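Engineer: Here is the input, now give the coordinates:
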Amino acid sequence: MEPVPVVLSKFEIGRRRCGHAPGVARVALGSRPATRADASSREDAPLGAGTPRALGDRGISRARLFRQVCGILVSVTAGNDLGGVLRRWRERATPPHGGVVSCTRRRTPGMRRDELAAEAGVSAEYIKRLEQGRGRPSAGVLDALARAMRLSRPEYEYLCSLAGHVPPRIGRVPHEVGPGTRRLLERLGDIPICVLDAAWTLLAWNAAFEALCSASVLAVGRERNMAWCVFTGDPENMRGASGFPFQSAIVTDLRATALRYPDDDWLKDLVTDMQTASDDFAALWQSHADSRYRHHQVTVHHPDVGDVTVDCEIMTIHEGDLRAVIYTTEPGSVDSARLAIAQGQYTNQN
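Structural biologist: Residues are numbered from 1 along each chain as shown. Here you go, the predicted structure:
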């Protein structure tokens, strides 16, 4: 006798969580989400005998069933799970204005809702609704939240699974700063150093860098991206950075980054917008110039001590695909004295 087709309602599937009925594939929140390639390869594969079918014995593809089940599970459980995870990760994240060395006491741990909202380009009220389980963020918002909280790739994938989204198949530009890099920043506390990701977005810095470049530390969103600031920002803030060698080095590095991470939508948008906003960037990008020169001299304008000319060294940290930008001055020079004054003022204020 042929097996009788099993027909489950959406409520029944949601109640059983897809893990207690024969013939229904188990879907566990937190497991590796299916990729777009997985879904496309199974799109037209009908389920076999003994598995659920639609009314009228019409076949239903595995991909369609997977989407339906994920939608049900999200509506049943993801509200609280997503909100709770988002809040825990926000409270452990590094505050955007704290850098590596924080001398001020905070009333709440990690990032505040308004800080996360500013970094991700949404409202604080929207973050509150998500944490209360009253909303389902889009894939773009999830990507922005992951960047703002510096999530790892597995954490990003888990966040996507809670929201019912399939993460991109190829990874994004990594933006995690490892403990070794943080120790380097702390031990070289009197030398201004900042750490950027491969897209040239500011991730971490030490107190000396904050004393010299407070505007960069306080910036949010795309204004934290050094490449964007060099090509579209006020040239008076960092004179010399607009010179051809430095610009060409940035473009060369960004082009290599775009090749390594072809599915990073944030990087794609950055490159597209810079080509529109800056003729210099567009010309360098189209010329395919290749500059490996890593030593530059720039003049940073400090609001209190005036212009400080520094030697700028760019180093690659292969673990995490990071960039370390190191500023030094000639010992005994006027610039060295001004840098010392700026650092002294910063120490007194904090």
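
Engineer: quick one, phi/psi of Ile314?
Structural biologist: The phi/psi pair for Ile314 (degrees, to the nearest 10) reads phi -110, psi 120.

Engineer: Break down the stretch 101-250 of the chain into its strands, ranges please.
Structural biologist: 193-196, 202-205, 238-239 (DSSP state E, counting those that start in this stretch).

Engineer: Dump those into CSV; add distance to Ala124 and mean pLDDT as well.
Structural biologist: All C-beta spots, glycine's among them, are computed from the backbone N, C-alpha and C. Putting these into CSV (distance: least, C-beta to C-beta, whole Å; pLDDT from 0 to 100) gives the following:
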stretch, distance to Ala124, mean pLDDT
strand 193-196, 27, 94
strand 202-205, 22, 93
strand 238-239, 31, 62
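
Engineer: Between those, which one is closest to Cys229.
Structural biologist: Using C-beta to C-beta as the measure, strand 238-239 is the one of these that comes nearest Cys229, at 7.5 Å.

Engineer: Pick the most deeply packed of the strands of the stretch 101-250 of the chain.
Structural biologist: Greatest average neighbour count among these goes to strand 193-196 (a mean of 24), per mean count of other C-beta atoms under 10 Å.

Engineer: Below-threshold pLDDT in the stretch 1-150 of the chain: ranges please.
Structural biologist: By pLDDT under 70, the low-scoring segments of the stretch 1-150 of the chain are 1-80, 97-108.

Engineer: try 50
Structural biologist: Within the stretch 1-150 of the chain, the ranges that satisfy pLDDT under 50 run 1-79, 98-104.

Engineer: Serialize the strands of the stretch 101-250 of the chain to CSV and add fields for distance to His302.
Structural biologist: Shown next, in CSV, are those (distance: least, C-beta to C-beta, whole Å):
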stretch, distance to His302
strand 193-196, 15
strand 202-205, 15
strand 238-239, 11
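
Engineer: nearest to Met111, of the ones you listed?
Structural biologist: When the strands of the stretch 101-250 of the chain are compared by C-beta to C-beta, strand 202-205 sits nearest Met111, at 14.0 Å.

Engineer: who's in contact with the closest one?
Structural biologist: For strand 202-205, contacts defined as C-beta atoms under 8 Å, 6 or more residues apart in numbering pick out 94, 99-100, 150, 175, 177, 181-182, 185, 192-197, 213, 216-217, 219, 224-226, 322.

Engineer: looking at it, Arg147 is touching Leu267, isn't it?
Structural biologist: No - the criterion here is C-beta atoms under 8 Å, and Arg147 misses it with Leu267 at 10.9 Å.

Engineer: Identify each buried residue in stretch 271-287, please.
Structural biologist: Buried residues in stretch 271-287, counting neighbours by 16 or more other C-beta atoms under 10 Å, are found at Val271, Met274, Gln275, Ser278, Asp280, Phe281, Ala282, Leu284, Trp285.

Engineer: which residues touch Val173?
Structural biologist: Residues near Val173 by C-beta under 8 Å, 6+ apart: Asp197, Ala198, Ala199, Thr257, Tyr261, Asp264, Trp266, Leu267, Asp321.

Engineer: run the last query once more with 7 Å
Structural biologist: Contact analysis of Val173 by C-beta atoms under 7 Å, 6 or more residues apart in numbering lists Asp197, Ala198, Ala199, Thr257, Tyr261, Asp264, Leu267.

Engineer: Can you add neighbour count, distance to Thr316 and pLDDT and give these back as CSV?
Structural biologist: CSV is the format used below for the contacts of Val173 (neighbours: other C-beta atoms under 10 Å; distance: C-beta to C-beta, whole Å; pLDDT from 0 to 100):
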residue, neighbour count, distance to Thr316, pLDDT
Asp197, 23, 12, 94
Ala198, 22, 9, 92
Ala199, 26, 14, 95
Thr257, 20, 11, 89
Tyr261, 21, 15, 86
Asp264, 21, 18, 90
Leu267, 22, 17, 94
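
Engineer: can you give me the strands for the stretch 251-350 of the chain?
Structural biologist: 295-302, 306-317, 322-328.

Engineer: Please, where are all the helices along the stretch 151-300 of the chain?
Structural biologist: Here the stretch 151-300 of the chain has its helices, by DSSP state H, counting those that start in this stretch, at 153-163, 179-187, 207-212, 214-218, 226-232, 244-260, 265-277, 279-287.
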